[in-house]
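J.: Kindly generate the corresponding structure for this input.
(chains A and B, ligands or ions: 4)
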2 protein chains.
Amino acid sequence: MRNLRFALLALLSMSAFVARAEFLNKEQQQQLTSLQETAIQSDLAYDILESLTTEVGARMIGTKGDQRAIAWSQAKMKALEFDKVWTEEVTHYQWIRGDVEAKVLAPFPQPVVAIALGESVGTGEQGIQAEVVHFNDFDALKAAEAGSLTGKIAFVSYRMERHITGKGYGKAVGARVSGAQVAAEKGAIAFMMRSVGTDDNRAGHTGITRYKDGVKRIAAVALSNPDADMLVNQFKRNKPVEFFLKVTAVRNEKVAVKGANVIGEITGSQYPEQIVALGAHLDSWDVGTGAVDDGLGMAMMMAATSHISNLPERPKRTIRVILFAGEEVGLLGAKEYVNVHKDKLKNHVIAAEWDFGLGRIYEFKTGVGAEALAGVREFAQQLAPLGVSFNPVNNAQGQSDMSLVTKEGVPAARFAPDGSTYFDVHHTMNDTLDKVNPDDLRQNTAVYTMFAYFAAQTGIDFRK
Amino acid sequence: MRNLRFALLALLSMSAFVARAEFLNKEQQQQLTSLQETAIQSDLAYDILESLTTEVGARMIGTKGDQRAIAWSQAKMKALEFDKVWTEEVTHYQWIRGDVEAKVLAPFPQPVVAIALGESVGTGEQGIQAEVVHFNDFDALKAAEAGSLTGKIAFVSYRMERHITGKGYGKAVGARVSGAQVAAEKGAIAFMMRSVGTDDNRAGHTGITRYKDGVKRIAAVALSNPDADMLVNQFKRNKPVEFFLKVTAVRNEKVAVKGANVIGEITGSQYPEQIVALGAHLDSWDVGTGAVDDGLGMAMMMAATSHISNLPERPKRTIRVILFAGEEVGLLGAKEYVNVHKDKLKNHVIAAEWDFGLGRIYEFKTGVGAEALAGVREFAQQLAPLGVSFNPVNNAQGQSDMSLVTKEGVPAARFAPDGSTYFDVHHTMNDTLDKVNPDDLRQNTAVYTMFAYFAAQTGIDFRK
Ligand SMILES: [Zn+2]
Ligand SMILES: [Zn+2]
Ligand SMILES: [Zn+2]
Ligand SMILES: [Zn+2]
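T.: Ligands and ions are numbered 1, 2, ... in the order given. This next block holds a predicted model:
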């Protein structure tokens, strides 16, 4: 009985081996191994990132930094000998961060480090002096009675939880996006929150906030975690907390600014019209050098494509790198891309992005047709030596910008990296090159390089 | 033979036991064990620190924060039922930090996070625009030719090394203290350095800088580590680095400000004139809440003394807590103390301070008379359960403020804590309560509590 079982297992293994040869021929397997070795030994992605963070730095849409990033990206793709490089323009309105002055006046005077949330309005030059009302989380603020915050500043102190998947972000970010409008509806004259971040540095985490038509627009800021702790400790004394807040941000909806998707590709040798789409976003917030969000993604996609372009022959399909404009302020570049390329999305065979994480990829997931899954599984075995396991749930959607692309029916690939420390620096001034581990970046790049080659060179129809 | 060895060992153990009973009687041993248990279970030190950082915060000499800290310290000592509490005034001149605006203009425009070194002069409102000259370390700056920096900004990029003992500080701090004068002697119009710190946060590390009579006083700033990295990367491009620096610091040597040592004690029951001196410094830099430097020390010394004051009887000798004024700007309070108490220092039986570290104490060292060492060894055995080993080298001097006290012949005790992460936050805005591990603080406080009791209750003459 036991021997029978072993025989069966042996048979299954053999059939697995046969299946393996079905989608990836020996040459392709060897090529994948060779690309893995190349990428794992290469400094290219790190060097691209060093160049971006040294020569460009912050690149919020509408700033000189963004303009420099657009020029830099095109120049870099050309230097890497991409076959085609072009831009597609997007427009937005102007927002100027200005400064924040924040301090507790009573019961215990203390300065407070805070940062304006993205696209917040200002308070005016005179600032606001008011009592602060403390809520443990956004739900508590939502539950506050109408009018109960009239003339006051609302403060939500919920702390984001650290997790390898970054799932704490979802529970915390609601207040950042909608806190100001909810507070204003109840009469608040400003909105403050504990930063959506897992660190203990005195650097606030910015990120987009949204206003609602018909509701007063009030200034919205995020306190650093240590400052939020200190403020909460003041509340423990059960005395009214009097606060001064001045935000000089300016939201100029009548002033147009421009950004651009920067797109580069290496043209497929057999099916040039079939596109393997690799995405990252070109813009960053204005406070760090955008090394992690999303310089990592830019560097990785450009380096992966370059490794493949160095092969003697172009793969069958085209590999296209799209550096999306204005992701931070509302997926502007992705919207534009889907709009401009609407008719050609059916020729986008699969899409993948990098816009999260700061460590090794541990999992690979797809959102493809049922038939295609066998080929994907075969490829996934090639990633195993890099510590990447395959999650067969097959419900992946595109990340970030690419979510709009896969919503249009384009199949998706998704790679999950360790995100434990990502929200220590996300949207802060501490998003700088030193946070990037070169070894992890090599692994990340190797994975995307292999994926792009697999998707471009094997003839799999990921829709089927 | 083997049995003989065992017999000998047994004899030695017995003699050790006899020796043990020589200085610490059974009651004292039990009392030490009991105090250890009390301190290890107590939140008192942490609560004191929470109170200081919430209700006072930053307390640079000459600021309102320092005045509040003086009032807070006296009130806290009284609340803890110290027998005597008083202040001894010191004076200093005024220094106002102002702001720093720093940016690379060319080859690649980027903003730079920098902080004025303590008591730096300003640049004037118009700021300075000049080429930066890069030195890998302070020695390289010292070796620069006379006049070679005329009209330029000197930049030293040496990075401090992390070590459990904090020994990297010694190699790095010279540039902070004397870099500006050395650069000015060679014609520089401003001095910039990589912060003396081991972190990768965009928060500069301040700390005192010194000018030299007859040498032009130039503005001196410290860049955060990520900013120093970025600037070094720009230098790798081998193009001239053009910089703008504006420092609005004001050094008003003609404006006097006041600080004070805050001193509290529990009076000895048998030898009230004999003082066990416990030190920490009351002032902090103005950028954090001084939780670590040196709120930890303040909290620890006050809590240790309070634990002992809760015993049914006062120990034989007086335990005096001295919270020194103006340590950061030149040991002002310590100088004043030695001056005022000159005649009574012979009655200071031993001195210990806490002004370094952010983790568990692992080593105990003394600087006492040869005869006293036997009693010290006996006590050291009581610390072993807390993970503290005894280093018998017996050459310890007082730390920080207490170095001036022990220079006058007062015996010293010194406890070495883990300092691996201390220079991540030292003299930065990130020196806040969240950096303190409550468990470590309990261990630290238990050690000082036991030490203070040992020194005050046993009759050992530490000078002999
Ligand atoms: Zn992003
Ligand atoms: Zn982002
Ligand atoms: Zn100190
Ligand atoms: Zn200090």
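J.: what's the closest non-adjacent residue to the residue in the stretch 51-200 of chain A that chain B sits nearest to?
T.: Taking C-beta to the nearest C-beta as the measure, the stretch 51-200 of chain A has A:Thr54 as its residue closest to chain B, at 4.1 Å. Where C-beta positions appear, they are placed from N, C-alpha and C, glycine not excepted. The shortest distance from A:Thr54 to any non-neighbouring residue, by C-beta to C-beta, 6 or more residues apart in numbering or on different chains, is to B:Asn233 (4.1 Å).
J.: Pretty sure the one you found sits against A:Val56.
T.: No. The criterion here is C-beta atoms under 8 Å, and B:Asn233 misses it with A:Val56 at 11.9 Å.
J.: Between the two, which is the more surrounded one?
T.: Legend: neighbour count by other C-beta atoms under 10 Å in any protein chain shown for B:Asn233 and A:Val56, higher for A:Val56 (26 against 17).
J.: who's in contact with the more buried one?
T.: With contact taken as C-beta atoms under 8 Å, 6 or more residues apart in numbering or on different chains, A:Val56 is in contact with A:Gly65, A:Arg68, A:Ala69, A:Trp72, A:Thr289, B:Phe108.
J.: Would you double-check that the residue of the stretch 51-200 of chain A closest to chain B falls in a helix?
T.: Yes. When DSSP: H, G, I helix; E, B strand; the rest coil is applied, A:Thr54 is found to be in a helix.
J.: And it, how close does it get to B:Val232?
T.: From A:Thr54 over to B:Val232 the distance is 9 Å, taken as C-beta to C-beta, to the nearest Å.
J.: Per-residue pLDDT of the residue of the stretch 51-200 of chain A closest to chain B, please?
T.: Here the pLDDT value assigned to A:Thr54 is 98.
J.: Same check on the one 10 residues further on?
T.: We have a pLDDT of 98 for A:Lys64.
J.: Give me the neighbour count for the residue of the stretch 51-200 of chain A closest to chain B.
T.: Here the number of neighbours of A:Thr54 (other C-beta under 10 Å) works out to 23.
J.: Touching, A:Ala352 and A:Gly279? I think so.
T.: Yes. Assessed by C-beta under 8 Å, A:Ala352 is found in contact with A:Gly279 at 7.1 Å.
J.: shared neighbours, these two?
T.: Shared contacts of A:Ala352 and A:Gly279 (C-beta under 8 Å, 6+ apart): A:Gly398, A:Gln399, A:Met402.
J.: from those, which is closest to B:Tyr46?
T.: The shortest approach to B:Tyr46 among the shared contacts of A:Ala352 and A:Gly279 belongs to A:Gln399, at 42.2 Å (C-beta to C-beta).
J.: separation between the closest one and chain B?
T.: Here A:Gln399 is placed at a distance of 26 Å from chain B (C-beta to the nearest C-beta, to the nearest Å).
J.: so what's that residue closest to, chain neighbours aside?
T.: Spatial nearest neighbour of A:Gln399, excluding adjacent residues (C-beta to C-beta, 6+ apart): A:Glu353 at 4.3 Å.
J.: residue contacts, the residue of the stretch 51-200 of chain A closest to chain B?
T.: By C-beta under 8 Å, 6+ apart, the contact set of A:Thr54 is A:Leu433, B:Phe108, B:Met230, B:Asn233, B:Gln234, B:Arg237.
J.: Could you list the domains of chain A?
T.: What the record gives for chain A is the domain set A:24-94+A:255-457, A:98-248, from automatic domain parsing.
J.: Ok, which of these comes nearest B:Ile322?
T.: Within the domains of chain A, the stretch nearest B:Ile322 is domain A:98-248; the backing value is 25.1 Å (C-beta to C-beta).
J.: Between the two ends of the closest one, what distance do you get?
T.: End-to-end distance for domain A:98-248: 5 Å, by C-alpha to C-alpha, to the nearest Å.
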